[in-house]
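Student: Show me how the following folds:
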Amino acid sequence: MTRLIVLLILVVGGVSASMQTPRRIVIAAGTLLDGRGHITRDTRIVVEGGTIVAIDATASPVDYDLGRMTLMPGWIDTHVHMNWHFDANGKSVSGGEPADEAALATADDAWATLQGGFTTVQSVGAMVDRSVRDHINRGLLPGPRILTSLRQIQDRSGDPAALRALVRQTKADGADVIKLFATTGLGAGGNQSMSTEQIQATCGEATAVGLRSVVHAIGDAGARAAVEAGCTAIEHGTFVTDATLDLMVRRGTFFDPNLLVLHNYLDNRTGYTFTADALATIEKGIAPTLDVLRRARARRVKIVFGTDAVAGAHGRNAEEFVYRVRDGGERPMDALVSAASIAADSLQLGDHIGTVAPGFDADLVAVAGDPLTDITAVRRVVFVMKGGKVMRH
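Tutor: As a prediction, the model looks like this:
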């Protein structure tokens, strides 16, 4: 709970001088990655209020000298479960505890995520996300920008009419996105679980009420049904075929394969109740996830950055970069852009975040080293700014 104590000190102390933004801030960067694939050396970023107003190598005086660092847009994780945490006995908790404990644990995870360089996350999702999101938006808690589905929709959620009503209720409850399970999980084989009619009703109603829809889809049949239904993004996609990937390109569907979650389960196996067979299934799921990542990249699918972060992964979200580059053969720049402008576009926030340019929100992260030549530099976060406020330095 050390992170939570620090968080509370920041809140009670008025978030102190380190988070109070002067009218104008100049940040010197040795290397700037703009989030869209462009590189600028030895430049300066000018921030006023919460907005980037200029990229000017001559701007002065310099308030933060990151001349030996690599600066880029604050990272975006499009798939987390912000409320999952380990309890006092080191066991995973994902709900069922008292509301105040759930909120404190979620706030703690949010703080860890922000300190890890992630200024925006999409949590899919639990009702407790709403209060933490709203407190962060009001400036009462430090944390990343949170978008949440509040709940998860599945085959047992009702017939098409009931699902359309549930989507409307979810929006009325304050959700930013709809999350649905089109298939079973990895351990159950990933077969389609929601009927095609249920998927169409859920994603169709989400579109009608102005919400995006992200779909848990392990197997190909459920993924294809979701793409044909106009759903916004496919999560996992472990066994998706080339034909479905090509359909995703034609439909403009975003794709979010997740590697960290599998490694995290294996690394923290004592905190979960997996059987030996379940652990073996998780381990076997890594290879096809890497394979679909490579095939999707080759076909120019719009790949976003998501981790499916659960207990043990919050604050370590950047490990997804390492797995994608080291094991998946991704170009470092592609992996970084997936967590910047492409992820922002998938959230329909591409005109506000995910890019370092005048007019964009001043969400920034700097690392020691060059992630383009050594992707493990993403583990060495030295500076975080969110909305023009310095959160780590």
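Student: CA only for contacts and neighbour counts going forward, please
Tutor: Fine.
Student: Quick check: next helix or strand after the helix or strand harbouring residue 114?
Tutor: Element membership of residue 114 [criterion: DSSP states H and E] is helix 99-115. Next helix or strand after helix 99-115 toward the C-terminus (DSSP H and E): strand 118-123.
Student: Which strands and helices lie in contact with that next one?
Tutor: For strand 118-123, the contact count by 3 or more C-alpha pairs under 8 Å, 6 or more residues apart in numbering; DSSP states H and E identifies strand 75-80, strand 145-148 as packing neighbours.
Student: which stretches of the stretch 151-300 of the chain form helices?
Tutor: Here the stretch 151-300 of the chain has its helices, by DSSP state H, counting those that start in this stretch, at 160-172, 196-208, 220-228, 242-251, 260-267, 276-284, 286-298.
Student: Run a quick neighbour tally on residue 369.
Tutor: 21 (other C-alpha atoms under 10 Å).
Student: what sits against it?
Tutor: By C-alpha atoms under 8 Å, 6 or more residues apart in numbering, the contact set of residue 369 is 68, 69, 70, 377, 380.
Student: Also residue 172?
Tutor: So residue 172 contacts nothing (C-alpha under 8 Å, 6+ apart).
Student: how about a cut-off of 10 Å?
Tutor: Counting by C-alpha atoms under 10 Å, 6 or more residues apart in numbering, residue 172 makes contact with residue 166.
Student: Residue 373 too?
Tutor: Contacts for residue 373 (C-alpha under 10 Å, 6+ apart) come out as 331, 332, 333.
Student: Ok, residue 178 next?
Tutor: Contacts of residue 178 (C-alpha under 10 Å, 6+ apart): 124-125, 148-153, 166-167, 170-171, 202-203, 205-207, 211-215, 231-232.
Student: at 8 Å instead, please
Tutor: Taking C-alpha under 8 Å, 6+ apart, we find residue 178 in contact with 149, 151, 152, 153, 167, 170, 203, 206, 211, 212, 213, 214.
Student: Next: residue 270.
Tutor: Residue 270 touches residue 91, counting by C-alpha under 8 Å, 6+ apart.
Student: just to revisit the earlier point, out of the helices and strands packed on strand 118-123, nearest to residue 267?
Tutor: With C-alpha to C-alpha, the closest approach to residue 267 among the helices and strands packed on strand 118-123 belongs to strand 75-80: 17.5 Å.
Student: neighbouring contacts of the closest one?
Tutor: Strand 75-80 has contacts (C-alpha under 8 Å, 6+ apart) with 117-125, 256, 304-310, 317, 339-340, 343-344, 347, 354, 364-365.
Student: Tell me who's in contact with the closest residue to residue 25 other than its chain neighbours.
Tutor: Excluding the flanking residues, the one nearest residue 25 by C-alpha to C-alpha, 6 or more residues apart in numbering is residue 47, at 5.0 Å. Counting by C-alpha under 8 Å, 6+ apart, residue 47 makes contact with 24, 25, 26, 53, 54, 362, 388.
Student: Can you tell me the element the fifth one falls in?
Tutor: When you say that, I think you mean residue 54. Element membership for residue 54 (DSSP H and E) is strand 51-55.
Student: any weak-confidence spans in the chain?
Tutor: Where the chain drops to pLDDT under 70, the residues are 1-22.
Student: helix, strand or coil for the nearest residue to residue 377 once chain neighbours are set aside?
Tutor: Sequence neighbours aside, residue 371 is the residue nearest to residue 377 in space, at 5.1 Å (criterion: C-alpha to C-alpha, 6+ apart). Assigned state for residue 371: coil (three-state reduction, DSSP: H, G, I helix; E, B strand; the rest coil).
Student: ok, residue 371 - contacts?
Tutor: Contact partners of residue 371, counting by C-alpha under 8 Å, 6+ apart, are 70, 332, 377, 378.
Student: Show me the two of those that sit farthest apart.
Tutor: Once C-alpha to C-alpha is applied, the contacts of residue 371 give 70 and 332 as the farthest pair, at 13.2 Å.
Student: So for the two, which residue has more residues nearby?
Tutor: Counting neighbours by other C-alpha under 10 Å for residue 70 and for residue 332 shows that residue 70 has the greater number, 26 against 19.
Student: ok, the more buried one touching residue 28?
Tutor: No - in terms of C-alpha atoms under 8 Å, residue 70 does not count as a neighbour of residue 28; the distance is 10.2 Å.
Student: Quick check: the gap between the residue nearest the centre of the chain and residue 354.
Tutor: Central residue of the chain (C-alpha atoms, centre = their mean): residue 77, 1.4 Å from the mean position. Distance, residue 77 to residue 354, by C-alpha to C-alpha, to the nearest Å: 11 Å.
Student: I'm done for today, thanks for sticking with me.
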